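Asker: Sequence first, then the predicted structure:
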Amino acid sequence: MHLAFTHAHRLQSACNVYISCLNISSCKAGQPLKPPCRPGFSQNFYTVIVSRDLLHGQSILKVKFEDCQRNREVGFVSSDPNFSVRPDGTVYAEQEVGNLSEPVQFMVTARGLHDPHIWETTVKLALAGHPHPSPFTKIGIEEMLSRVWDSPPRVIKFLRKHQRGSSANGLRRQKRDWVIPPINVPENSRGPFPHMLVRIRSDQDKDVGIRYSITGAGADQPPSGIYNIDPISGNMFVTQPLDREERASFHLRAHAVDMNGNQVENPIDLYIYVIDMNDNRPEFQNQVYNGSVAEGSKPGSSVMQVTATDSDDSTTANGMVRYRILSQSPHSPIPNMFTINSETGDIVTVAAGLDREKVSQYTIIVQATDMEGNLNFGLSNTATALISITDINDNPPELTVRTFSGEVPENKVNVVVTNLTVVDRDQPHSPNWNAVYRIVSGDPSGHFTIRTNPITNEGMVTVVKPVDFEMNRAFMLTVVVSNQAHLASGIQSSLQSTAGVTISVQDVNEPPVFPVNPKMIRFEEGVPAGTTLTVFAAQDPDHFIHQTVRYSKLSDPANWLKINRTNGQITTMALLDRESIYVKNNVYEATFLAFDNGSPQASGTGTLQIYLIDVNDNAPVLIPREAQVCERARPNSRINITASDADADPNIGPFVFELPSFPASVRRNWTISRLSGDYAQLRLRIPYLEASVYEIPIIVSDSGNPPLSNRSVIRVKVCPCDDNGDCSATGAVAAAGLGTGAIISILICIIILLSDCMVLTKINVNYWQTRREKERQTKQLLIDPEDDVRDNILKYDEEGGGEEDQDYDLSQLQQPESLDHIINKPTGVRRVDERPVIAESQYPVRPSLPHPGDIGDFINDGLRAADNDPTAPPYDSLLVFDYEGSGSTAGSVSSLNSSSTGDQDYDYLNDWGPRFKKLADLYGGGDDD
């Protein structure tokens with residue numbers, strides 16, 4: 001739609017109005033279209049027809065800024081110094097403009113006073129009689145940018161306050177400071193560089209030498225070097241291409257100083273805006289979007305949203321993205337099943353007929369184009385939208401046949417009779433597909449149930465309650481199948497959702513059954529053997545088969561009962577005793593077996609419970625069996641007695657306690673009194689009774705009819721007591737039967753034993769002292785350490801070198817042994833010039849020699865002393881060879897001595913075996929082999 005307005009002064013204005021439908025579901029008669037609100041100018045391009053001459057302050061048009069009711073404070077700036085914008089958006093001539101020869105185009109920028117947002121729109125002043133091109137043509141935009149780039153640089157003067165005259169009272173009125181319009185620089189310019197933008201000039205440059213400089217981000221601060229200024233001429237340049245997506249604006253300050261560096265003018269603020277170019281394509285957030293919509297959805301149902309962003313200025317056409325659908329696959333049922341909101345990217349259904357069972361997924365190619373969707377000049381990008389059609393329960397389950405059949409043995413449970421097969425075209429393993437089976441008739445007793453196989457969706461007819469062939473030989477069931485989810489609106493159940501199931505019951509041989517199980521009977525205990533108690537008979541459930549039932553005993557803990565094999569009659573084999581350990585709570589249990597002669601044989605068990613009625617067949621007994629009291633009667637010197645009876649009430653207490661009349665000493669010395677039905681007290685009747693042990697007979701009777709009595713004996717120890725009433729130690733011994741003489745004898749024996757121990761200890765100490773003294777004297781006899789000096793060591797140098805010192809004591813090479821180690825040294829070969837690690841050698845007893853014993857004892861003592869002497873030299877050591885212990889056939893070689901060899905017969909050495917053959921030859925004069 002194109003609208004044109006004519007002013008009273010022949011000024012005309014025109015604009016284009018575009019109407020687009022954002023949502024098909026909302027494009028209905030009587031419903032206004034409400035696009036989403038976005039802050040910014042209402043139009044991206046304003047065109048107005050003006051005359052060639054414009055007066056100072058003349059209003060040209062009004063740009064409309066929408067802040068979406070955010071009460072945003074916005075300031076407007078024109079890129080052309082000849083035009084300004086009032087706060088209400090009115091564009092007017094800042095100064096008189098005459099004789100315009102061509103259209104004028106400039107940018108109007110809106111900038112938030114408290115936020116960094118910037119919005120731009122283009123204003124074109126077309127001369128009356130000249131055609132105005134479309135605001136969205138590429139030629140118009142390039143022409144505008146070319147004019148901005150190639151237009152001669154304007155001169156920016158430092159702002160000064162001018163005096164305009166004097167008032168009557170002598171006050172001067174100052175002119176308001178000029179607002180310096182921003183500098184617009186298009187991005188991506190190809191140069192040449194450096195390119196002059198403006199000239200900074202001071203009015204004092206005619207009087208003094210001026211040096212100009214600029215500061216701020218882009219000049220002397222990062223990113224530095226983008227702008228520079230000629231310090232003499234004040235010409236300001238841009239040195240390189242700009243990118244609005246990196247930085248959209250620059251804020252610089254211009255300075256003017258004299259040759260001495262003194263400030264000549266106040267610094268002025270320069271705002272440089274980078275004009276956006278359409279150099280960025282829209283970018284989708286995802287290359288593949290996944291959405292879903294239910295099958296059977298109505299037109300206008302929301303599916304999903306795709307989003308693309310453009311790095312260009314979103315307030316201009318460069319950054320305004322529009323969406324459209326390029327293709328749909330498959331084209332079933334129609335090629336255009338979906339549409340997309342061109343501004344928001346919302347995809348909705350546009351036609352009915354979505355059916356998951358026919359098409360489960362659609363692939364949509366979506367295109368995003370900037371320049372408000374202008375395909376001629378905009379940049380585009382594409383993404384893929386995968387739309388899955390979700391399942392609804394629009395297909396009821398259908399049984400494959402109308403009648404199913406199966407058979408089941410009687411008395412079996414958890415048996416699958418038959419499987420019901422079903423067909424459902426909805427999505428498998430979903431609530432819309434999962435089958436639920438119900439039995440609606442034919443099973444009033446609840447013998448069957450139908451479970452669903454989670455894998456195949458089949459219905460498994462299962463027995464949960466045993467069936468009886470004798471009662472029901474067959475069942476006719478009616479079953480209905482449905483889904484876990486309810487059918488979708490408007491979908492009716494199928495006639496094939498109902499079927500019949502015929503189940504045949506197979507007869508099997510059932511075990512005999514006891515009608516009453518367990519069976520309870522009551523009898524008095526003590527009935528004689530052979531008494532008939534009851535008939536415990538079983539019945540065979542197989543009425544149509546005449547079978548014989550036989551009985552046997554399965555469990556009879558006390559072996560009191562027997563059963564007739566034919567009729568089940570129970571008789572006793574022994575007395576029934578209620579007090580038996582096999583009776584629990586007056587009840588005795590026995591188990592019997594009933595079996596038929598069927599094939600295979602079947603058997604059943606029955607439990608017989610006999611409640612035994614108590615009779616008075618147990619006399620009471622007394623506890624405790626032993627007690628003690630003080631020999632002198634005291635208030636607390638009494639014995640508490642308790643009576644117990646194995647029978648039950650009324651054959652137990654209250655009990656009667658009494659002392660017998662014989663012997664007479666019992667009643668003379670003792671008295672008994674009943675405390676309660678089960679308790680009594682026994683105490684001394686006389687003040688003093690000699691300490692001893694007394695056996696007191698007591699007669700106790702129960703309350704049975706007739707009562708039973710028992711004569712019990714309590715062993716009472718009478719003893720002297722201390723002040724606390726406790727038996728003393730002496731008294732306890734006396735009470736145990738020991739007299740004074742026995743006690744004295746025990747003490748004398750203890751004293752004698754202690755004396756013997758002391759005497760033995762003294763003898764043992766004297767023995768060891770004498771032995772140590774004898775060993776010390778023997779060592780002194782054999783060797784005197786002071787005279788044991790050996791200075792005759794020969795040096796042979798046969799081992800590659802010898803000792804430098806020949807005069808040393810060999811006893812220093814020996815390691816002394818502890819006394820314990822010497823005494824406990826084991827048997828074997830030992831060198832005394834090595835560290836002893838074994839106990840002392842034990843030599844066998846030598847045979848008696850014809851020489852006097854004194855000499856032999858002297859030699860033996862010397863040998864033992866030498867062996868036990870740690871200072872003995874190597875050549876004095878005694879070596880024992882091949883000692884094999886006592887009791888050997890050969891005895892010990894220690895029996896050989898060299899005191900006299902001529903008068904001895906060594907022929908017996910030949911009897912010692914081959915190991916002593918050479919020794920026998922040596923002493924016997926034989927030849928060596």
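Answerer: Right, received. Where do you want to start?

Asker: Can you list the buried residues in stretch 442-455?
Answerer: For stretch 442-455, the neighbour count (16 or more other C-beta atoms under 10 Å) marks 442, 443, 447, 448, 449, 450, 452 as buried. Every residue, glycine included, has its C-beta placed from N, CA and C.

Asker: now, which of those residues sits nearest residue 256?
Answerer: Nearest to residue 256 among the buried residues of stretch 442-455 is residue 452, at 92.8 Å by C-beta to C-beta.

Asker: The residue nearest to the closest one when sequence neighbours are not counted pairs with what?
Answerer: In this structure, residue 452 finds its nearest non-sequential neighbour in residue 435, 5.5 Å apart by C-beta to C-beta, 6 or more residues apart in numbering. Counting by DSSP bridges, residue 435 is bridged to residue 483.

Asker: Next: the one 4 residues further on.
Answerer: Using DSSP bridges, the bridge partners assigned to residue 439 are residue 479.

Asker: wait, it sits on residue 445?
Answerer: No. Counting by C-beta atoms under 8 Å, residue 445 is not a contact partner of residue 439; they are 11.4 Å apart.

Asker: Where does pLDDT dip in the stretch 101-250 of the chain?
Answerer: 113-116, 128-152, 154, 158-180 (pLDDT under 70).

Asker: just the strands in it please.
Answerer: 104-112, 118-127, 154-157, 163-166, 172-174, 183-186, 195-201, 211-215, 227-229, 235-238, 249-257 (DSSP state E, counting those that start in this stretch).

Asker: Adding mean neighbour count, write the ones you listed out as CSV.
Answerer: As requested, the strands of the stretch 101-250 of the chain are exported to CSV (neighbours: other C-beta atoms under 10 Å):
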stretch, mean neighbour count
strand 104-112, 20
strand 118-127, 21
strand 154-157, 15
strand 163-166, 8
strand 172-174, 10
strand 183-186, 22
strand 195-201, 18
strand 211-215, 18
strand 227-229, 21
strand 235-238, 20
strand 249-257, 19
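
Asker: Would you reformat these as JSON lines and include distance to residue 273?
Answerer: Shown next, in JSON lines, are the strands of the stretch 101-250 of the chain (distance: least, C-beta to C-beta, whole Å):
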{"stretch": "strand 104-112", "distance to residue 273": "6"}
{"stretch": "strand 118-127", "distance to residue 273": "7"}
{"stretch": "strand 154-157", "distance to residue 273": "15"}
{"stretch": "strand 163-166", "distance to residue 273": "33"}
{"stretch": "strand 172-174", "distance to residue 273": "30"}
{"stretch": "strand 183-186", "distance to residue 273": "5"}
{"stretch": "strand 195-201", "distance to residue 273": "12"}
{"stretch": "strand 211-215", "distance to residue 273": "16"}
{"stretch": "strand 227-229", "distance to residue 273": "13"}
{"stretch": "strand 235-238", "distance to residue 273": "12"}
{"stretch": "strand 249-257", "distance to residue 273": "5"}
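
Asker: which one of those lies closest to residue 628?
Answerer: That would be strand 104-112 among the strands of the stretch 101-250 of the chain, by C-beta to C-beta, at 112.3 Å.

Asker: Am I right that residue 765 is in a strand?
Answerer: No. Read with DSSP: H, G, I helix; E, B strand; the rest coil, residue 765 is helix and lies in no strand.

Asker: Against residue 754, how distant is it?
Answerer: For residue 765, the distance to residue 754 equals 17 Å [C-beta to C-beta, to the nearest Å].

Asker: picking up where we left off before, tally of neighbours for the residue nearest to residue 452?
Answerer: 23 (other C-beta atoms under 10 Å).

Asker: The nearest residue to residue 514 once chain neighbours are set aside bridge partners, please.
Answerer: Among residues not flanking residue 514 along the chain, residue 606 sits closest, at 3.5 Å (C-beta to C-beta, 6+ apart). Beta-bridge partners for residue 606, by DSSP bridges, are residue 592.

Asker: how much space between residue 606 and residue 540?
Answerer: Note on residue 606: its distance to residue 540, by C-beta to C-beta, is 14 Å.

Asker: do the same with residue 653
Answerer: 52 Å.

Asker: likewise residue 484?
Answerer: For residue 484, the distance to residue 540 (C-beta to C-beta) stands at 47 Å.

Asker: Look at residue 653 and residue 540 and report which has more neighbours.
Answerer: Between residue 653 and residue 540, residue 540 has the larger neighbour count (other C-beta under 10 Å), namely 21 against 18.

Asker: ok, the more buried one touching residue 515?
Answerer: No. Using C-beta under 8 Å, residue 540 is not in contact with residue 515, being 11.7 Å away.

Asker: those helices in this structure, which residues are they?
Answerer: 138-150, 664-669, 729-735, 740-782, 819-823, 853-868, 917-924 (DSSP state H).

Asker: Can you list the buried residues in the last one?
Answerer: Of the residues in helix 917-924, those buried under the neighbour-count criterion (16+ other C-beta under 10 Å) are 919, 920, 921, 923.

Asker: Hmm, residue 611 and residue 522 touching each other?
Answerer: Yes. Counting by C-beta under 8 Å, residue 522 touches residue 611, with 4.5 Å between them.

Asker: quick one: pLDDT of residue 28?
Answerer: pLDDT for residue 28: 41.

Asker: now do residue 281
Answerer: Note for residue 281: predicted pLDDT of 94.

Asker: Run a quick neighbour tally on the closest residue to residue 537 other than its chain neighbours.
Answerer: Spatial nearest neighbour of residue 537, chain neighbours left out: residue 568 (4.2 Å); criterion: C-beta to C-beta, 6+ apart. Neighbour count of residue 568, defined by other C-beta under 10 Å: 19.
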